[in-house]
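Q: Quick one, structure for this:
(one chain, ligands or ions: 1)
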Amino acid sequence: MTTIAAISTGNAPGGIGVIRISGEDAVKIANKVFECKDKTSLTELGGYRAKFGSIVIDGKRQDDAVALVFRAPKSYTGEDVAELSVHGGMLSVQKTLEAVFAAGAVPAGAGEFTKRAFLNGKMDLTQAESVADIISAEGEEELKASFGALHGRLSRSINAVLDKLLDASATMAAWVDYPDEEIPELEESELEETLTFCKNELSALLDGYDKGQTIKSGVNTVIAGRPNVGKSSLMNMLTGTDKSIVTHIEGTTRDIVEESVRLGGIVLHLKDTAGLRESGDVVENIGIEKAYKALDGAQLVLAVFDSSAELTDEDRRLIEKCKDKLSVAVINKTDLVQSADTDIIEKAFDKTVYISAKNDEGLDALEGAVTELLGVADFDSNAPLLANLRQKQHCENALASVNEALDGVTLGVTYDAVNVMIDAAADELLSLTGKKANAEVVNNIFSKFCVGK
Ligand code: GDP
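A: Now for the predicted structure:
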């Protein structure tokens, strides 16, 4: 294996920049560009040790630095690793990296440190994927779930199922292959119990997937309502800025304003639409058409109504439009005297909340309604979570094979046929955790990482 190096901190000036070097010659190479203040050599250093000193390039001291040494296998990659922390100006970091290359390291590819960690058995694929997820996490729940995956929460859950399947498979194979030996036959009830356990575990993981995706990717949300009900004000309340123009002249929000906000643990990608109103104005009509389109494509609609005015035809049309959509009725302007017949709204929507955007009131209620409606109110970020489509598909295939095997047992199919199904399920789980993943899949996963990770 070559010795690789890359900048592990961000590609921007910062307080400290870290150059990570991994491979057989990592410490030797670091030692060529780093001079310990106490005149010792890094190559004599054991793992988990640090030295203060300087980066020396072409005989000249260039920067103060700290060198950290990790010894295989106790490092991130499982190889010898040296990390040089220099002052985080891009020039200093870049020049140090170039000196490290000149000393014999080669540039690390995207995700190559983590790939080596995987290949050296430091982590499985679900853990490696969680590293990328942690880096890109936007919402708090997502971060928690990814962190759990990094620490093997998902792997443990998958491996528990896998162990059961492999156990059953081994017993059955032995029994089928050596009928003359004294191998106790696997009880049908025991086999059924094992398979049912696997089925339940895999089903639970799959059930959590959609919720997890909602948490991870955020929800495309449209704020809809006729002009002047307070859509822009609601948007502002959610974003805490004045990005939407708020005015009492109808129809000022002509186009769609977009913004992502965090509500509770989840991210809403918000679109504030033009007021939904029949209009003769051409410019505004474009906005309205876009608004209806946005409504069609939305995963969640926040339908805003004005509690201080009687319901209009447009309000009723919106109620109608929301019937088969995931939507929350947001009755605004509760600080004014109520005129709207809110019963009609409450009956039509699964969730209705009362707010005063003007007074910044009702955000908690809205948060509760949205998280409940999306089914993420009881989301447990401590539960194991499938992180992506790749993992989900392996899990689905495994479940399908487990179900087949269960049916097979019930129908009295021969054990070697049932065993083929059990092996197929186990294979899927081995691919999921990477024990059996092919090189192309592995390369594809790591190519999505950034360089330096
Ligand atoms: P949009 O056309 O639906 O985007 O509505 P706006 O957000 O522009 O609000 C229309 C008018 O209603 C503005 O004058 C706001 O100040 C006012 N408004 C918005 N929310 C409230 C509220 O909660 N209470 C009161 N009293 N006025 C509000």
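Q: For residue 443, grab the count of nearby residues.
A: 14 (other CB atoms under 10 Å). Yep, even glycine has a C-beta here, placed from its N, CA and C like the rest.
Q: tell me the contacts of it?
A: Residues near residue 443 by CB atoms under 8 Å, 6 or more residues apart in numbering: none.
Q: Now do the buried residues in the helix or strand encompassing it.
A: Using DSSP states H and E, residue 443 falls within helix 439-447. Neighbour-count burial for helix 439-447 flags 442, 445, 446 (criterion: 16 or more other CB atoms under 10 Å).
Q: Among these, which one lies nearest to the ligand?
A: The ligand lies nearest to residue 445 out of these, by CB to the nearest ligand atom, at 43.9 Å.
Q: Test my guess that the closest one contacts residue 127.
A: No. Using CB atoms under 8 Å as the test, residue 445 is too far from residue 127 to be in contact (11.5 Å).
Q: Give the helix, strand or coil label for the spatially closest residue to residue 297 that is not a sequence neighbour.
A: Leaving aside its chain neighbours, residue 297 sits nearest to residue 220 (6.9 Å; criterion: CB to CB, 6 or more residues apart in numbering). What DSSP: H, G, I helix; E, B strand; the rest coil gives for residue 220 is strand.
Q: can you pull the pLDDT of residue 220?
A: With respect to pLDDT, residue 220 scores 89.
Q: So what sits opposite it in the bridge?
A: residue 269 (DSSP bridges).
Q: tell me, how many neighbours does it end up with?
A: 16.
Q: just the one 10 residues further on next, same as before
A: As a burial measure, the neighbour count of residue 230 was computed by other CB under 10 Å and equals 25.
Q: Wait, it touches residue 331, no?
A: No. At 9.8 Å, residue 230 and residue 331 do not qualify as touching, with contact defined as CB under 8 Å.
Q: Next, give phi and psi for residue 437.
A: Per-residue torsions, residue 437: phi -70, psi 150 (degrees, to the nearest 10).
Q: and what of residue 71?
A: Per-residue torsions, residue 71: phi -110, psi 140 (degrees, to the nearest 10).
Q: likewise the one 5 residues further on?
A: Taking degrees, to the nearest 10, you get phi -60, psi -50 for the backbone angles of residue 76.
Q: Start the count at 55 instead of 1 going forward.
A: In the new count, where the first residue is 55, that last one comes out as residue 130.
Q: could you check the distance from it over to residue 162?
A: From residue 130 across to residue 162, the span is 12 Å (CB to CB, to the nearest Å).
Q: Between those two, which has more neighbouring residues?
A: residue 162 (25 against 20).
Q: could you give me the average pLDDT of the helix holding residue 497?
A: Averaged over helix 493-501, pLDDT sits at 83.
Q: And for stretch 151-166?
A: In the prediction, stretch 151-166 has an average pLDDT of 95.
Q: Could you do stretch 217-230 as well?
A: Stretch 217-230 comes out at a mean pLDDT of 85.
Q: hey, C-alpha coordinates of it in CSV?
A: Only the C-alpha atoms of stretch 217-230 are listed here, as CSV (Å, rounded to 0.1, in the frame of the first residue of the first chain):
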residue,chain,number,x,y,z
ASP,A,217,-25.7,-14.4,13.4
LYS,A,218,-29.1,-16.1,13.8
LEU,A,219,-29.3,-16.8,10.1
LEU,A,220,-25.8,-18.2,9.8
ASP,A,221,-26.4,-20.3,12.9
ALA,A,222,-29.6,-21.8,11.4
SER,A,223,-28.0,-22.2,8.1
ALA,A,224,-25.0,-24.1,9.5
THR,A,225,-27.1,-26.4,11.6
MET,A,226,-29.4,-27.2,8.6
ALA,A,227,-26.5,-27.7,6.3
ALA,A,228,-24.8,-30.1,8.7
TRP,A,229,-28.0,-32.0,9.1
VAL,A,230,-28.7,-32.2,5.4
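Q: All good on my end, thank you.
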